[in-house]
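Asker: Sharing a model that was predicted from the sequence below.
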Amino acid sequence: MTHTITLIPGDGIGPEICSAVKQILLAAGLAIRWEEMAARGDVDRRGSYAMNAELIDSIRRNRLALKGPLATAVAGGHPSINVGLRKALDLYANVRPVKNLPGVPAQFQGVDLVLIRENTEDLYAGLEHEVVPGVVESLKIITEKASTRIARFAFQYAQKHGRRRIHAIHKANIMKMSDGLFLNSIRKVATEYPEIEYKELIVDNACMQMVLNPHQYDMLLLTNLYGDIMSDLAAGLVGGLGVVPSGNIGEEAAIFEAVHGTAPDIAGRGIANPTALLMSAIMMLDHIGESSAARRIESALARVSGRGASLTPDVGGSATTSEFTRAVIGAMGS
Ligand code: NAI
């Protein structure tokens with residue numbers, strides 16, 4: 001069967017790592033028609049900022065996209081296109097598996113956990129305004145509907161993937177109403193899944209526990225901001241952002257992308273590491289039922305990283321992106 005998938009090469013190293021992943025998927029025998037699209041935002045006639053319609057139409061039609069990183073300006077400029085895409089397509093669940101990859105130096109070995117981050121609200125609602133000069137208000141939006149929806153997603157994910165424990169992460173001791181609503185919504189859903197152990201942790205303690213002993217976690221369920229921060233923290237424990245994939249999943253579409261950014265410092269030098277995007281593509285293949293190709297690529301990747309000879313400089317090797325790509329393709333045949 002031929003799959004049609006929207007491909008957003010992105011900025012910086014995006015096109016280089018997308019090209020590597022396309023080659024590996026082709027070598028794995030997958031028939032994919034890539035619909036390559038640029039991601040950009042435009043100011044419409046009413047003066048509001050919106051994503052380019054062809055891109056949104058393409059993802060809606062294909063229900064699937066693989067995405068390279070996109071540059072976002074800090075403190076000013078246009079709103080984040082990443083956040084815009086998640087909102088436009090209601091990709092409410094951000095799934096970030098964090099696991100050691102053989103051969104990649106890490107603070108801990110044997111880590112295997114999954115973070116589920118609510119992807120549409122919280123402080124990322126983008127509702128900021130200046131109250132008076134020198135005073136800015138940023139609104140944290142938490143709704144029962146979105147909290148219940150992400151909780152149900154997390155418990156169903158646990159059931160489907162044989163996970164046994166979920167920690168809800170919050171700061172409801174201080175934000176009693178907003179984080180309180182998030183927690184209360186999860187508690188109701190948790191009663192429907194008695195076979196899955198349910199626990200709660202305050203976010204600051206959860207971070208400390210994560211760096212002391214990440215093995216105590218199986219799954220974490222978090223609001224948008226805590227999820228963003230704790231998933232990078234968890235990535236740091238297994239070797240960094242270069243080896244962590246993610247999926248943004250909604251009812252009507254899903255976008256898979258590496259967690260890292262555009263790496264402007266190494267863009268165009270041919271040394272970018274495609275591993276995180278390749279792992280995101282493996283998640284994507286599982287999502288569309290191409291599990292045997294997913295396992296074939298996964299074990300080739302594990303063999304190449306375990307041998308250590310063809311690693312890119314960011315994980316201690318000296319291989320180029322092309323050498324790494326050829327090694328993974330070679331390992332699929334061996
Ligand atoms: P970054 O992740 O791009 O880079 C941090 C460091 O990690 C750099 O030294 C870079 O060379 C290295 N690195 C990252 N990915 C790598 C890879 N695949 N192979 C080898 N080395 C790699 O983070 P930074 O510098 O904070 O952000 C740069 C831009 O990326 C910003 O405009 C930011 O907004 C954007 N960004 C986009 C994301 C997305 O589209 N999902 C996520 C994070 C950042």
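Answerer: Perfect, thanks for sending it. Numbering: from 1, shown residues only.
Asker: From S280, how far out is the nearest residue to L301 once chain neighbours are set aside?
Answerer: Leaving out its chain neighbours, the residue that sits closest to L301 by C-beta to C-beta, 6 or more residues apart in numbering is V328, at 5.8 Å. Heads up, the C-betas are built off the backbone N, CA and C, glycines and all. V328 sits at a distance of 15 Å from S280 (criterion: C-beta to C-beta, to the nearest Å).
Asker: How about L115?
Answerer: Taken as C-beta to C-beta, the span from L115 to S280 is 14 Å.
Asker: Please say which of the two ends up with more neighbours.
Answerer: Neighbour count, other C-beta atoms under 10 Å: between L115 and S280, L115 has more, with 28 against 22.
Asker: Would you verify that the more buried one is located in a strand?
Answerer: Yes - under DSSP: H, G, I helix; E, B strand; the rest coil, L115 falls within a strand.
Asker: Can you give me the domain assignment for the protein?
Answerer: 1-106+238-334, 120-222 (automatic domain parsing).
Asker: Any part of the shortest one near the ligand?
Answerer: So the one you mean is domain 120-222. No - with C-beta under 6 Å from any ligand atom as the criterion, the ligand is not reached by domain 120-222; the gap is at least 13.1 Å.
Asker: quick check, distance from that domain to the centre of its chain.
Answerer: 16 Å (C-alpha atoms, centre = their mean, to the nearest Å).
Asker: That domain - what's its average pLDDT?
Answerer: Across domain 120-222, pLDDT averages out at 96.
Asker: measure that domain end to end?
Answerer: Length of domain 120-222, first residue to last, C-alpha to C-alpha, to the nearest Å: 12 Å.
Asker: Pick out the residue closest to the middle of this protein.
Answerer: The residue lying closest to the centre of the chain (C-alpha atoms, centre = their mean) is S246, at 2.5 Å.
Asker: hang on, the earlier thing: the residue nearest to L301 against M279, yeah?
Answerer: No - counting by C-beta atoms under 8 Å, V328 does not reach M279; the two are 11.5 Å apart.
Asker: any shared contact partners between the two?
Answerer: Overlap of the contact sets of V328 and M279 (by C-beta atoms under 8 Å, 6 or more residues apart in numbering) consists of L301.
Asker: State the next helix or strand along the chain beyond whichever helix or strand K199 is part of.
Answerer: Assigned by DSSP states H and E, K199 belongs to strand 197-202. Scanning forward in sequence from strand 197-202 by DSSP H and E, the next helix or strand is helix 203-212.
Asker: Run through the neighbouring helices and strands of that following helix.
Answerer: strand 165-170, helix 224-237 (3 or more C-beta pairs under 8 Å, 6 or more residues apart in numbering; DSSP states H and E).
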